[in-house]
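Asker: Okay, sequence plus prediction incoming.
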Amino acid sequence: MEYEYFHGVPDKQTLSGVLELHKHVFDGSDLATEKLKEKNNLILFVAKDGDRVVGFKIGYDYGNRTFYSWLGGVHKDYRGKGIAKELMRRQHELVKSMGYTKARTISRNEKREMLILNIKFGFDIKETFISNKGTHKIVLEKML
């Protein structure tokens, strides 16, 4: 497995792989490239098997030395191999070296694997809320 990181929107081939994997992980949901471009200090990590993107972790500056770990996922054929854990480890290591002191993320109960990984990785549940779409959300934070 090869891991790469990009500060900002990645090259066309990698971006295409991330967008395709996002659709796979998030039940057909599209991720607009414009949403990536508007994020301040966008950091994107990918796991590749050859040229194929099989995992990704995206985050950006949330303000007040907090990094928002926004989106991530691993292709179903590659789960259980520690890829998500390695992507998160690398993300936290990098952003800590950049001066961030806290990581924040929002998860859902339906995404239990990611929720459990976040808790195992030292995140604490800070609050819950109901989104505008009626989805129950869980806010987690971790000191880096």
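Answerer: Happy to help now that I have it.

Asker: switch to C-alpha atoms for all contacts and neighbour counts from now on
Answerer: OK.

Asker: any idea how far the nearest residue to K85 once chain neighbours are set aside is from T66?
Answerer: Nearest non-adjacent residue to K85, counting by CA to CA, 6 or more residues apart in numbering: L117, 7.2 Å away. With distances taken as CA to CA, to the nearest Å, L117 is found 19 Å from T66.

Asker: if you count what's nearby, which of those two comes out ahead?
Answerer: More crowded of L117 and T66, by other CA atoms under 10 Å: T66, with 21 against 14.

Asker: hang on, the more buried one packs against K102?
Answerer: Yes. With contact defined as CA atoms under 8 Å, T66 reaches K102; the gap is 4.7 Å.

Asker: Can you tell me the element E34 falls in?
Answerer: In the assignment (DSSP states H and E), E34 maps to helix 33-37.

Asker: quick one on the thing from earlier: a strand runs through the residue nearest to K85, doesn't it?
Answerer: No. Under DSSP: H, G, I helix; E, B strand; the rest coil, L117 falls outside any strand and is assigned helix.

Asker: how near is it to L31?
Answerer: Distance of L117 to L31, given as CA to CA: 23 Å.

Asker: Ok, P10 next?
Answerer: Distance from P10 to L31, counting by CA to CA: 14 Å.

Asker: Identify each buried residue in the top strand by length along the chain, please.
Answerer: Assignment by DSSP state E gives strand 52-63 as the longest strand of the chain. Residues of strand 52-63 classed as buried by neighbour count (16 or more other CA atoms under 10 Å): 53-62.

Asker: which residues touch L140?
Answerer: Shown in contact with L140 (CA atoms under 8 Å, 6 or more residues apart in numbering): 104-107, 118, 123-127.

Asker: Now for those residues: which two are most distant?
Answerer: Comparing all pairs in the contacts of L140 by CA to CA, the longest separation belongs to N118 and E127, at 14.4 Å.
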